[in-house]
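[1] model this:
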Amino acid sequence: MKEKIILCKLLLMGCILSAYVLWIWLRSVEVVAVHQNGNHTYIIVKNFPITDKEKIDWRLRNRDILKKRYNIPKPALSGDYTVIFWDYGDGYKEEGKYDRLCFDDLEPPKNCIDKNMILNVNYSKNYGASYITVKKSYYTDKNGGIVENKDD
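    Model (predicted):
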């Protein structure tokens, strides 16, 4: 009898954990705001994918939507651009004493976010697209595949 109770508790905990993981993986990305500074675009997001592959795949799947909805990226005359996805976290904050990213197109005092970069996308005509996450970087090979940069 005791074994059945323990087994039921473990099964229940496993179901709850599985449901939580599934919820995290299936929630949709929300673009909170887009800030522009020359050929640099800062996209503030909630619920961005967790793994590097999912982050890059999301960017590739949604680049046409981002272009249509927000007119980004905005390349320099050379064709180069940078798009950085930042985690919205606890929302906009005052500049304060912390190292925060502040936006000139928002009125102070709450015009900054904590610097929690999720994905940095760089493009140049000479090298193509590269992707930088918190721990690794990737580049687009000549066949259009995404390859991890082994020099990191």
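
[2] Show me the contact partners of stretch 32-52.
    Contact with stretch 32-52 is made by 24-25, 27-31, 55, 57-58, 66, 70, 72-76, 80-88, 101, 103-106, 113, 118-119, 131, 133, 135-136, 138, as judged by C-beta atoms under 8 Å, 6 or more residues apart in numbering. Heads up, the C-betas are built off the backbone N, CA and C, glycines and all.

[3] of the residues you listed, buried ones?
    In the contacts of stretch 32-52, burial by neighbour count holds for 29, 31, 55, 58, 66, 72-73, 81-88, 101, 103, 113, 118-119, 131, 133, 138, counting by 16 or more other C-beta atoms under 10 Å.

[4] so where do the helices sit in the chain?
    Assigned by DSSP state H, the helices in the chain fall at 2-26, 52-70.

[5] what bits of this structure have low per-residue confidence?
    Scanning the chain for pLDDT under 70 picks out 19-27, 152.
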